[in-house]
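1. how would this look folded up:
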Amino acid sequence: MPPVRRLVVDLSIMLAIGLLLALLGPFGTFGASFAFRLVYWMALMIAGYAIYHPAMLVASRVAVRLALPEAAMWAAACAVASVPMTAVVWVVGRIGYTRRWPTLEQALALYVNVAVIGAIGTAMLWIARRRREPAAIVEDAEVAAPVGPALLDRLPPGFGPVLHALEMEDHYVRAHGAYGSALILMRMRDAVAETAPLVGAQVHRSWWVARGAVEGVRREGRNYRLVLPGGVEAPVARGAVSALAAEGWI
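-> Okay, here's the model as predicted:
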């Protein structure tokens, strides 16, 4: 979703909450006129967005960097952002009335009230973000879809999108994948050339193996075999053992 549209959606949510609060008149505001309540709550919700939204962005980045639950980081950020928001609410509510600092009891009570409203707003933003994510994932996938191996275009539709290995059989090449295997009439070297961008190696004169398909290594004396999904095993040429060992295959 474009940033401007995202901002419009977020602010619409905040203003909708502000309208609801103006109608309900919680925390002692019901005695004021509706016009006053509307301006009061709308202004506070916009100010709240300016305080809470950056805190949520930081929380998301910290969650990714430290591998922590994002929801928990948002909750913590809400609790922290409620502190400066409490000060804003106090200042706005006391303009023209008094300049005295609140007592500890008054400050704690106001903080709880602010945190409740902040939690509601944060939860609504979280829900809106979760509903946007699937569409964003689809858009990103369409724009930056990875290009698969060209060799897959030569294989039957039922072969699937995953290529594990290539095995030479006379004038044919047998492609091994997640759903079985299929024969292609082409030279081995041409088939290997069409496996890009997969990372793999020709481990034997008649075998090419994708690096990500190796599930294990079986050794029989001086001979090695790479264990692939589905019970398939690819022999390793003795001349290739040193190079594969250096690269971490064996």
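2. For the rest of this, base every contact and every neighbour count on C-alpha atoms.
-> OK.
3. buried ones in the helix-or-strand element of the chain with minimal mean pLDDT?
-> The weakest-scoring helix or strand in the chain, judged by mean pLDDT, DSSP states H and E, is helix 104-143 (a mean of 76). For helix 104-143, a neighbour-count test (16 or more other CA atoms under 10 Å) marks 107, 110-111, 113-115, 117-119, 121-125 as buried.
4. ok, which stretches of the chain are helices?
-> Assigned by DSSP state H, the chain shows helices spanning 3-24, 34-66, 70-94, 104-143, 188-193, 241-246.
5. The first one - what's its average pLDDT?
-> For helix 3-24, the mean pLDDT works out to 87.
6. What angle do helix 34-66 and that helix make with each other?
-> Put simply, helix 3-24 runs at 130 degrees to helix 34-66, going by axes from the mean of the first three to the mean of the last three CA atoms, to 10 degrees.
7. Could you do the third one as well?
-> Orientation of helix 70-94 against helix 34-66 (the same axes, to 10 degrees) gives an angle of 150 degrees.
8. Can you mark which positions in helix 70-94 are buried?
-> In helix 70-94, counting by 16+ other CA under 10 Å, buried: 70, 73-75, 77-79, 81-83, 85-86, 89-90.
9. If we only consider these, which is nearest to residue 41?
-> Using CA to CA, residue 89 is the member of the buried residues of helix 70-94 that lies nearest residue 41, at 10.1 Å.
10. Pull the contacting residues for residue 203.
-> 209, 234, 235, 236, 237, 240, 244 (CA atoms under 8 Å, 6 or more residues apart in numbering).
11. let's see it at 10 Å
-> Neighbouring residues of residue 203 by CA atoms under 10 Å, 6 or more residues apart in numbering: 209-210, 225-226, 234-241, 243-244.
12. Neighbours of residue 163, how many?
-> Residues contacting residue 163 under the criterion other CA atoms under 10 Å number 24.
13. who's the residue nearest to it when sequence neighbours are not counted bridged to?
-> Distances taken as CA to CA, 6 or more residues apart in numbering put residue 177 closest to residue 163, at 4.6 Å, once the chain neighbours are dropped. The partner list for residue 177 in beta bridges (DSSP bridges) reads residue 163, residue 180.
14. surely residue 177 meets residue 229?
-> Yes. Contact criterion CA atoms under 10 Å: residue 177 and residue 229 qualify, at 8.3 Å.
15. what is in contact with those two at once?
-> Common contact partners of residue 177 and residue 229 (CA under 10 Å, 6+ apart): 164, 165, 213.
16. So for the last one, what's the pLDDT?
-> Each residue has a pLDDT score; the one for residue 213 is 93.
17. shaky segments in this structure?
-> 1-3, 94-100, 132-147 (pLDDT under 70).
18. One more pass at 80, please.
-> 1-6, 64-65, 67, 93-102, 129-148 (pLDDT under 80).
19. Now do the domain split for it, please.
-> The chain breaks down by automatic domain parsing into domains covering 3-143, 150-246.
20. returning to what we had before: which one of the buried residues of helix 70-94 is nearest residue 52?
-> Nearest to residue 52 out of the buried residues of helix 70-94 is residue 81 (CA to CA; 5.7 Å).
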